[in-house]
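> Just the structure for this:
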Amino acid sequence: MHEALKLAYKYKDDIVQFMSKLIKTKSYSGSEAEVIKVINDEMEKVGFNEITVDGLGNIIGKIGNGKTTIAMDAHIDTVDIGNENLWDFEPFSGHFDEKYVYGRGASDQKAGMCSMVYGIKILKELNLLDNFTLYVTGTVMEEDCDGLCWRYIIEEDKIKPDFVLITEPTSLKINRGHRGRIEFKIRTNGISAHASAPERGVNAIYKMAKIITEIEKLNNKLESDSVLGKGTIVVSQIFSKSPSQNAVPDQCEIHIDRRINEKETKKIVFEEITDIFEKAGINDAEIIELYYKKPSYTGKVYLTEKYFPAWIFPEDSEIVKSAVKNYETLFETTPTIDKWIFSTNGTVTAGVYNIPTVGFGPGEEKYAHAPNERVKIEHLLKAAAFYATFPKTLVKMLKGE
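Below is the predicted model of the structure:
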């Protein structure tokens, strides 16, 4: 067994206890202050060189001062628990047995944070520092707005790494990308009138119904690409306005969730919608671009458009090859290379800034946002060993070793 794995198993009890504490500390998007304190204490305990909390509320631990800058990232916010009756246990109990740690945020994705912190403990104990500067980031508000945290880190903290490792759940596979998405609204306008004489008005809902029919047709026609698959378009919400329930509505809005593959851009998406207006015969419909403007727990508002590009890195890229080599060295077997179904902070690191990005994380994607969320303890330990050894493996590959 590799020395890093031996140490991960040696620290099993500490890792499980930290994981349990993270789950017990509720951290919905925009309310992460308490879990940041928990992470800060554990980072101090394992010996990070430097720990800061930025203006948005992200916690950033630093190790080393070498030439190559590497970031390993986990978002530390979670979604709500939903209907508690669907859970077989208390969602924030953080209880564990021999196989799993249970609770909201276990797979998505406090497990990544837990394993990163103990990965640094192992890295230091094995003296795996090389010519790199490593940032370990616990980022906020990802569940509400993917990548907002990394826009802030790059633009405001002035930290732009050369390489990024995303620790979202991959079932210990190596993920090299995912589809992107764009959120926007469509609005139709009408003329209100008394419902007893609808012919005197123009019904904004009826106008929107024609557009919705065309959107459903578009979803069935969207093209696929060879890696990320087919784009999708969904009408996820409908709103209307009228003077009363006894009146013809004079305004209707729908909320659109459009998943995009590597071939698709915001420009292409909006051109498709404009074509739909023409097909539906609704020439005065509007596209409304959306922006995220909820304050973080620090009170900071960082206005960001709700456009999240797709991204994919080739299997022969340095970042993916380094992850594969590290896996093979640690586990003495060949990894599965895959992609995420959902979106991650990679939409900004890779999709916006084109920083070479790869994913490897504990936990299973099927538990994300689901009741009875859990993470395998084996995943926590193996991921910690991977995070301890990955930076040096990457730097050695860059040097041709």
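> And this protein, split by domain according to the record?
3-179+310-398, 180-292 (automatic domain parsing).
> Is it possible to get CSV of those domains that adds mean pLDDT, mean neighbour count and distance to Lys300?
From N, CA and C alone the C-beta is placed, and that goes for glycine too. As requested, these are exported to CSV (pLDDT from 0 to 100; neighbours: other CB atoms under 10 Å; distance: least, CB to CB, whole Å):
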stretch, mean pLDDT, mean neighbour count, distance to Lys300
domain 3-179+310-398, 98, 21, 5
domain 180-292, 96, 16, 12
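> who wins for proximity to Thr298 among those domains?
Thr298 lies closest to domain 3-179+310-398 among these, at 4.6 Å (CB to CB).
> ok, Glu318 - contacts?
Residues in contact with Glu318 (CB atoms under 8 Å, 6 or more residues apart in numbering) are 163, 356, 394, 397-398.
> Equivalent analysis for Gly103, please.
Residues in contact with Gly103 (CB under 8 Å, 6+ apart) are 23-24, 89-95, 373-374.
> I'd guess Leu7 is in a helix, am I close?
Yes - counting by DSSP: H, G, I helix; E, B strand; the rest coil, one finds Leu7 located in a helix.
> so the closest residue to it other than its chain neighbours, which of the three states?
Closest residue in space to Leu7, ignoring its immediate chain neighbours: Ile122 at 4.6 Å, by CB to CB, 6 or more residues apart in numbering. Under three-state DSSP, Ile122 falls in the helix class.
> Please convert the domains of the chain to CSV, extending it with distance to Tyr302.
Formatted as CSV, the domains of the chain follow (distance: least, CB to CB, whole Å):
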stretch, distance to Tyr302
domain 3-179+310-398, 5
domain 180-292, 8
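> among the contacts of Gly103, which are in helices?
With helices taken from DSSP state H, the overlap with those comprises 23-24.
> one step back: of all the domains of the chain, which one is nearest Gly299?
Of all the domains of the chain, domain 3-179+310-398 comes closest under CB to CB, at 9.2 Å.
> before we move on, the earlier item: got the contact list for the residue nearest to Leu7?
Ile122 makes contacts with 4, 7-8, 11, 128, 384-385, 388, as judged by CB under 8 Å, 6+ apart.
> So it versus Gly147, what's the distance?
Distance, Ile122 to Gly147, using CB to CB, to the nearest Å: 29 Å.
> same check, this time on Leu218
Applying CB to CB, the value for Leu218 to Gly147 is 26 Å.
> before we move on, what about Val202?
Using CB to CB, we find Val202 at a distance of 40 Å from Gly147.
> re earlier: as JSON lines, the contacts of Gly103 with distance to Gln251 would be great.
Listed next are these as JSON lines, based on distance: CB to CB, whole Å:
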{"residue": "Ile23", "distance to Gln251": "43"}
{"residue": "Lys24", "distance to Gln251": "45"}
{"residue": "Phe89", "distance to Gln251": "45"}
{"residue": "Glu90", "distance to Gln251": "43"}
{"residue": "Pro91", "distance to Gln251": "39"}
{"residue": "Phe92", "distance to Gln251": "41"}
{"residue": "Ser93", "distance to Gln251": "46"}
{"residue": "Gly94", "distance to Gln251": "46"}
{"residue": "His95", "distance to Gln251": "49"}
{"residue": "Glu373", "distance to Gln251": "39"}
{"residue": "Arg374", "distance to Gln251": "45"}
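> Quick one: the strands in the stretch 201-350 of the chain, in order.
Ranges of strands in the stretch 201-350 of the chain, per DSSP state E, counting those that start in this stretch, are 224-225, 229-230, 232-241, 251-260, 286-289, 291-292, 304-305, 307-308, 311-312, 337-340.
> Can you list the neighbours in contact with the third one?
So that's strand 232-241. The contact list for strand 232-241 (CB under 8 Å, 6+ apart) reads 204-205, 208, 212, 215, 218-219, 222, 249-259.
> Show me the contact partners of the helix or strand encompassing Ala4.
Counting by DSSP states H and E, the element that carries Ala4 is helix 3-10. With contact meaning CB under 8 Å, 6+ apart, helix 3-10 is reached by 15, 118, 121-122, 125-126, 128, 330, 381-382, 384-385, 388-389.
> switch to 10 Å and redo it
1-2, 15, 115, 118-119, 121-123, 125-126, 128, 326, 329-331, 378, 380-390 (CB atoms under 10 Å, 6 or more residues apart in numbering).
> where along the stretch 251-400 of the chain do the helices fall?
Along the stretch 251-400 of the chain, counting by DSSP state H, counting those that start in this stretch, helices occupy 266-280, 318-331, 346-349, 377-398.
> Now do the first one against strand 232-241, angle only.
For helix 266-280 against strand 232-241, the angle between stretch directions is 60 degrees (axes from the mean of the first three to the mean of the last three CA atoms, to 10 degrees).
> switch to numbering from 32
Will do, 32 is the new start, and the previous item becomes helix 297-311.
> hey, C-alpha coordinates of helix 297-311 in CSV?
Output of helix 297-311 as CSV, limited to C-alpha atoms (Å, rounded to 0.1, in the frame of the first residue of the first chain):
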residue,chain,number,x,y,z
LYS,A,297,-25.4,32.1,-25.1
LYS,A,298,-25.5,33.7,-28.6
ILE,A,299,-26.8,30.5,-30.2
VAL,A,300,-29.3,29.9,-27.4
PHE,A,301,-30.8,33.4,-27.7
GLU,A,302,-30.9,33.1,-31.5
GLU,A,303,-32.9,29.8,-31.1
ILE,A,304,-35.4,31.6,-28.8
THR,A,305,-35.8,34.5,-31.3
ASP,A,306,-36.6,31.9,-34.0
ILE,A,307,-39.2,30.4,-31.7
PHE,A,308,-40.9,33.8,-31.3
GLU,A,309,-41.2,34.0,-35.1
LYS,A,310,-42.6,30.4,-35.4
ALA,A,311,-45.1,31.1,-32.7
